[in-house]
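K.L.:
I'll drop the sequence and a predicted model, then ask my questions.
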Number of protein chains: 2
Amino acid sequence: MFSVSAKTQYAIRAMSFLARNTERVVSSAEIAAAEQIPAKYLEGIMTSLKNGGLVSGERGKNGGYRLLKAASDIPMLQIVEALDGSVMPVNCVETPDTCSLGCSCMPRQFWIGLKSTIDDYLRDCSLQDLVEGATHAK
Amino acid sequence: MFSVSAKTQYAIRAMSFLARNTERVVSSAEIAAAEQIPAKYLEGIMTSLKNGGLVSGERGKNGGYRLLKAASDIPMLQIVEALDGSVMPVNCVETPDTCSLGCSCMPRQFWIGLKSTIDDYLRDCSLQDLVEGATHAK
DNA sequence: CTCAATTCCTATCGGTTTAGTTGGAATATA
DNA sequence: TATATTCCAACTAAACCGATAGGAATTGAG
């Protein structure tokens, strides 16, 4: 349960590669080769990261991607949400209207608490922390 | 991302129903009717809960299920794991051998931290807490 | 102006998982 | 014997996921 998609894992590796190469523009193909990610698949991932406001995509020859912000200003939560959408254990956490049981049900508070626990963890760790291997220090 | 399966949500509702009816044996069919869960589907769920050591299943006429422990002694984590297995954000958290990248990779520590954050939350909340609506109090 | 390298868009595919159904065997009670 | 129950196994339809395919749009270099 709660598995992280390959897509998100690829995205994190790609972002960490960009974080280690901030001085230049890096093509999707180069990232794919360096991080062993299927090249065509990564293209779509990079587009999602761009749409999420995390990287700039420069088209044409010698184009590629670069981080839009310093790695220390990019919470992991933002990367995760750019790919898989919001962390949302059960539907009625965000859309209580559709809950068939009436939405002051007890499990709901439980799931809300879980969501915020996960969100906090992902927000407190930045891309920079991950690149430095400092993910355990708080 | 991180969505909780319908199966697990059904299981939690079923368990909370049993927690509210500890004085007697309750049939799967009764739980299904009370909690609006597909009856036949719930049967399989109850079997999983039984195999997980959470409930006793008494067969034959007037049979049914009851909690094997006090609700306050049942951490939510145990219910979740009985249905969907271990909380495991990425494979190499539990089976580092199969990691293609060599497993001292940085993301790994990050995922391990996430797993233990989630596990802690689920362990700290008991079925009793959920039934009482006290899931926010720590 | 043309070519090549690149992002970006859309469709498709095979495999797996998920939610749920069907049918029935085993077991217990009355 | 009849009935209510757990328990077991196979099946199905739909959704999701990882990946591929084919190209259009854009840009820089020669």
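P.N.:
Yep, that arrived. Residues are numbered from 1 along each chain as shown, chains lettered A, B, ... in the order given.
K.L.:
spell out which parts of chain A neighbour chain B.
P.N.:
Near chain B, the residues belonging to chain A are A:1-5, A:8-9, A:12-13, A:16, A:36, A:76, A:80, A:83-90, A:100-101, A:106-107, A:109-111, A:113-114, A:117-118, A:121-122, A:125, A:130-131, A:133, A:135-136 when assessed by Cβ under 8 Å from any Cβ of the partner chain. Backbone N, C-alpha and C define where each C-beta goes, glycine included.
K.L.:
of the residues you listed, buried ones?
P.N.:
Restricting the residues of chain A next to chain B to buried positions leaves A:1-4, A:8-9, A:12-13, A:16, A:76, A:80, A:83-84, A:87-90, A:106-107, A:109-111, A:113-114, A:117-118, A:121-122, A:125, A:130-131, A:135, with burial counted as 16 or more other Cβ atoms under 10 Å in any protein chain shown.
K.L.:
in helices only, show me the residues you listed.
P.N.:
Among those, the residues falling in helices (DSSP state H) are A:8-9, A:12-13, A:16, A:76, A:80, A:83-84, A:106-107, A:109-111, A:113-114, A:117-118, A:121-122, A:130-131.
K.L.:
for the residue nearest to the spatial centre of chain A, list the residues it contacts.
P.N.:
Most central in chain A under Cα atoms, centre = their mean is A:I79, positioned 1.9 Å from the mean C-alpha point. If you count contacts by Cβ atoms under 8 Å, 6 or more residues apart in numbering or on different chains, A:I79 has them with A:T8, A:A11, A:I12, A:M15, A:L49, A:G52, A:L54, A:L127.
K.L.:
residue in chain A nearest to DNA strand D?
P.N.:
At 2.1 Å from DNA strand D, A:G60 is the closest residue in chain A, using Cβ to the nearest atom of the strand.
K.L.:
would you mind giving the contacts of A:I79 as JSON lines with pLDDT added?
P.N.:
Putting these into JSON lines (pLDDT from 0 to 100) gives the following:
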{"residue": "A:T8", "pLDDT": "95"}
{"residue": "A:A11", "pLDDT": "97"}
{"residue": "A:I12", "pLDDT": "96"}
{"residue": "A:M15", "pLDDT": "98"}
{"residue": "A:L49", "pLDDT": "98"}
{"residue": "A:G52", "pLDDT": "97"}
{"residue": "A:L54", "pLDDT": "98"}
{"residue": "A:L127", "pLDDT": "97"}
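K.L.:
any chance of those residues in a markdown table, plus distance to B:K69?
P.N.:
Output for the contacts of A:I79, formatted as a markdown table (distance: Cβ to Cβ, whole Å):
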| residue | distance to B:K69 |
| --- | --- |
| A:T8 | 37 |
| A:A11 | 42 |
| A:I12 | 39 |
| A:M15 | 45 |
| A:L49 | 47 |
| A:G52 | 45 |
| A:L54 | 46 |
| A:L127 | 43 |
